[in-house]
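A.B. asks: dropping a prediction and its sequence here:
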Amino acid sequence: MAEQPAIITDPKPAPMRDERLAHQSTLRRMMARPELGAFAGVLLVFAFFGTTAGNTGMFAADGAMSWMTVSAQLMIVAVGAAILMVGGEFDLSVGSMIGFAGMMIALPTVYFGWPVELSVLFAFAGALAIGFLNGLITVRTGLPSFIVTLASLYILRGLTIALSILFSNRTIVSGVKEAAGDSIVTFLFAGTIGNSFFVWLAENDLIDRLPNGDPTVKGVPMVIVWALALAVVAHVVLTRTRLGNWIFGAGGDSNAARNVGVPVNSVKIGLFMFTAFCATVYAACQVFEFGSAASDRGLLKEFEAIIAAVIGGCLLTGGYGSIVGAMFGALIFGVVQQGILFTGVPNDWFRVFLGAMLLVAVLFNNMIRRRVTAER
Amino acid sequence: MTATAIHAEAAAPQPGRPLIEVQDIVKHFGPVIALAGVSLTLDAGEVHCLLGDNGAGKSTLIKTLAGVFRPTSGEYRVEGEPVFFGSPRDALDRGIATVYQDLAMIPLLSVTRNFFLGREPVKWRLGPFSFIDMEHADRIAREEMRQIGINVRDPQQHVGTLSGGERQCVAIARAVHFGAKVLILDEPTSALGVAQTSMVLKFVRQLRQKGLGIIFITHNVRHAYAVGDRFTILNRGRTLGTFKKAEITLDRLQTMMAGDKELQVLDEELGGTV
């Protein structure tokens, strides 16, 4: 250096390895992963139901498929909720969106005679438009997304009921299955895959058979395929791509992210559209499974999705969380909800358990966050 | 550490032509006159300190320089060329980077992710998704940290685990890495302790020797005097003058900054502790 600064006497840079900083073991670093709590929770519920419901058929092929299906349904919306939470926003309209999207499929198909494929495309387009609107209003007004999407929750639910009564004079629109026939969309949302594999398993007595010789499980339901596909895409995008980095940035500190040129508003609007997309996938799976759309479908799903995301380690304040964690969260849901049926415990305990689980998860997340950011 | 250890991508200083020149910049916010004609030049290899009390117009001036605000009137030239910035992005593209005091880094993100936020190195693309070259990013982040003198165990560690001074240095290093020729540092030392402050000031001096132009905003005259080559004092939206270091003493600077007389009176009342 040409001249010495007035206040600096130390010629060498101070070593930044601080003796007050304890060495971090691999275990400790694992502890800092967002999905750790949820993973522990999964182990816990499996251990619990493995001992209490081990001989009830819960872990036989058909029993397992039942809790996997329930988990997968929630996983579809939980993935959307989790990635949106990492981006720093909430969507409370997910549940209503499920009902509304179902109607957007059923009403045109049954009452306007649209081809079912067109109705499905219409529902996805409509949902994406509503997601766009949710996002646009949130980023433009700067209002908390909590309030904006609470409004959408009521508007969409109201519209779902009002429109279904207006067009069909009832709140459940059935007849979609008949109208759809063996259309590709029936398979896409309510089919099963790997059927021959399950036949082979049954033939080799690896899984049980029905009296007529068919396997007890026909195949892997498409809802599970959708759940896994959405989760893999969301996970890869979040952890490996530029967009993922922008999502973390937008959720962690939107001003700081804007300062370095991240298009925060577009990122957030895109995330709202993605949650709406997930809700529509959920809706389509239900509509084609039951052959009908009901205006109360998806009730409270927004909260279940958020709970799964929080159990999975997403911070309510944004910028931190994981898709894998949300998958674990949804799995805990499915296992507990179905496991309670198998053990014969009254269903009310399910909610008690979930509430307690949520509280524990939030406390645990707070602890993790403090550790990660070393805040005191 | 030697100055050459910093491998900035900044251009070599061009003698003669100032990096930044503003002339009679005026900025009104409705009826409020935030800047009433401020002029300033910044040369390459210079630390130009912008001093002033709260409400003097420092923030408005640097936000105008950074492209956040558009001036109501006045001329703004970068390397002799008149510029009209519509957004901070435009300013960044001309090599003018701003590091804000508390908005520099995102604590929950890793050092690497912070360092490359908005400028992630892309390994390959799939449709709309660009995959980040994480190993490359980690390597560069680690190398940059090492050169500042921050020993990160793991560039994937969260920025929240770094000290305030380290965060500022990382934010500055990031701006330099991505080709800043002009650095606008908004109160980089105001929230820091003594050791942390000296770390940041040392880094600023190194960058000056690399030929960067640095606008250093502070209301701590001592910090300014430790690194500054020139000092511009703002008061109520106007400049009270620009002084070379040789022309002015620390005390005089302090007095001018607070608007002369009032501070002297206050200083006497408090027994010289201000």
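C.D. replies: Nice, thanks for sending it over.
A.B. asks: could you point out which element follows the host helix or strand of A:L228?
C.D. replies: Element membership for A:L228, per DSSP states H and E: helix A:222-240. Under the assignment DSSP H and E, the closest C-terminal helix or strand after helix A:222-240 is helix A:242-252.
A.B. asks: mean confidence for the following helix or strand past that next one?
C.D. replies: Using DSSP H and E, the next helix or strand after helix A:242-252 towards the C-terminus is helix A:254-259. Per-residue pLDDT over helix A:254-259 has a mean of 87.
A.B. asks: now helix A:254-259: buried residues?
C.D. replies: A:254, A:256-259 (16 or more other C-beta atoms under 10 Å in any protein chain shown). Where you see a C-beta, it was placed from the backbone N, CA and C, and this is true even at glycine.
A.B. asks: how far away is A:F350 from A:V336?
C.D. replies: Distance of A:F350 to A:V336, computed by C-beta to C-beta, to the nearest Å: 6 Å.
A.B. asks: cool, and B:L185?
C.D. replies: Distance from B:L185 to A:V336, by C-beta to C-beta: 53 Å.
A.B. asks: higher neighbour count, those two?
C.D. replies: B:L185 (29 against 22; other C-beta atoms under 10 Å in any protein chain shown).
A.B. asks: show me the strands in the chain, by range?
C.D. replies: With no chain named, the answer covers chain A. A:172-174, A:192-193, A:220-221, A:292-294 (DSSP state E).
A.B. asks: can you look at chain B instead?
C.D. replies: B:20-29, B:32-42, B:46-51, B:73-78, B:81-82, B:96-99, B:122-126, B:129-132, B:182-186, B:213-218, B:230-235, B:238-244.
A.B. asks: residue of the stretch 101-250 of chain B closest to chain A, please.
C.D. replies: The stretch 101-250 of chain B approaches chain A most closely through B:G160 (2.8 Å), counting by C-beta to the nearest C-beta.
A.B. asks: mind pulling up the pLDDT for that residue?
C.D. replies: According to the model, B:G160 scores 83 on pLDDT.
A.B. asks: same thing with B:F203?
C.D. replies: 89.
A.B. asks: now the helices for chain B?
C.D. replies: B:58-65, B:88-93, B:111-116, B:134-148, B:164-177, B:194-209, B:221-227, B:250-257, B:261-269 (DSSP state H).
A.B. asks: list the helices and strands the third one packs on?
C.D. replies: If you count contacts as 3 or more C-beta pairs under 8 Å, 6 or more residues apart in numbering or on different chains; DSSP states H and E, helix B:111-116 packs onto helix A:242-252, helix B:134-148, helix B:164-177.
A.B. asks: among the ones you listed, which comes closest to A:T275?
C.D. replies: When the helices and strands packed on helix B:111-116 are compared by C-beta to C-beta, helix A:242-252 sits nearest A:T275, at 12.5 Å.
A.B. asks: residues making contact with that closest one?
C.D. replies: The list of residues contacting helix A:242-252 from outside it, by C-beta atoms under 8 Å, 6 or more residues apart in numbering or on different chains, reads A:83, A:85-89, A:237-238, A:256-257, A:260, A:262-264, A:267-268, A:271, A:318-320, B:106-109, B:113, B:116-118, B:120, B:122, B:128-132.
A.B. asks: filter those residues down to the buried ones, ChimeraX style.
C.D. replies: Those of these that count as buried under 16+ other C-beta under 10 Å are selected in ChimeraX with:
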select /A:83,85,86,87,88,89,237,238,256,257,260,262,263,264,267,268,271,318,319,320 /B:106,107,108,109,113,116,117,118,120,129,130,131,132
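A.B. asks: need the helices and strands packed on helix B:111-116 in CSV (columns: mean neighbour count and distance to A:F328).
C.D. replies: Putting the helices and strands packed on helix B:111-116 into CSV (neighbours: other C-beta atoms under 10 Å in any protein chain shown; distance: least, C-beta to C-beta, whole Å) gives the following:
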stretch, mean neighbour count, distance to A:F328
helix A:242-252, 26, 19
helix B:134-148, 18, 24
helix B:164-177, 24, 32
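A.B. asks: quick check, central residue of the chain?
C.D. replies: Unless you meant another one, I'm taking chain A. A:A78 (1.2 Å; C-alpha atoms, centre = their mean).
A.B. asks: chain B was what I was after
C.D. replies: Most central in chain B (C-alpha atoms, centre = their mean) works out to B:L185, at 1.6 Å.
A.B. asks: so who does it touch?
C.D. replies: B:98-99, B:172, B:204, B:214-217.
A.B. asks: can you list the buried residues in the helix holding A:L228?
C.D. replies: A:222-228, A:230-231, A:234-235, A:237-238, A:240.
A.B. asks: among those residues, which ones lie close to chain B?
C.D. replies: A:237, A:240 (C-beta under 8 Å from any C-beta of the partner chain).
A.B. asks: just to revisit the earlier point, among the helices of chain B, which is nearest A:F112?
C.D. replies: That would be helix B:88-93 among these, by C-beta to C-beta, at 46.7 Å.
A.B. asks: and the residue nearest to A:S168 when sequence neighbours are not counted, how many neighbours?
C.D. replies: Distances taken as C-beta to C-beta, 6 or more residues apart in numbering or on different chains place A:Y111 nearest to A:S168, at 6.1 Å, with adjacent residues excluded. A:Y111 has 13 neighbours, counted by other C-beta under 10 Å.
A.B. asks: and A:Y111, how far from A:K177?
C.D. replies: A:Y111 is 15 Å from A:K177, by C-beta to C-beta.
A.B. asks: what do you get for A:N134?
C.D. replies: Taken as C-beta to C-beta, the span from A:N134 to A:K177 is 31 Å.
A.B. asks: compare these two (neighbour count), which wins?
C.D. replies: The neighbour comparison of A:N134 against A:K177 (other C-beta under 10 Å) goes to A:N134, with 28 against 16.
A.B. asks: find the nearest non-adjacent residue to the more buried one, please.
C.D. replies: In space, A:N134 is closest to A:F272, 4.6 Å off (C-beta to C-beta, 6+ apart).
A.B. asks: would you confirm that the one you found contacts A:D91?
C.D. replies: Yes: proximity of A:F272 to A:D91 meets the contact threshold set by C-beta atoms under 8 Å, at 6.2 Å.
A.B. asks: spit out the residues that contact the two alike.
C.D. replies: Shared contacts of A:F272 and A:D91 (C-beta under 8 Å, 6+ apart): A:84, A:134, A:145.
A.B. asks: what's the end-to-end length of stretch B:56-72?
C.D. replies: 17 Å (C-alpha to C-alpha, to the nearest Å).
A.B. asks: starting at the chain centroid, how far to it?
C.D. replies: 13 Å (C-alpha atoms, centre = their mean, to the nearest Å).
A.B. asks: and A:R140, how many neighbours?
C.D. replies: 11.
A.B. asks: can you tell me the closest non-neighbouring residue to it?
C.D. replies: A:N265 (8.0 Å).
A.B. asks: sorry, back to before: want to throw the helices and strands packed on helix B:111-116 into JSON lines with distance to B:D229?
C.D. replies: Formatted as JSON lines, the helices and strands packed on helix B:111-116 follow (distance: least, C-beta to C-beta, whole Å):
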{"stretch": "helix A:242-252", "distance to B:D229": "35"}
{"stretch": "helix B:134-148", "distance to B:D229": "22"}
{"stretch": "helix B:164-177", "distance to B:D229": "18"}
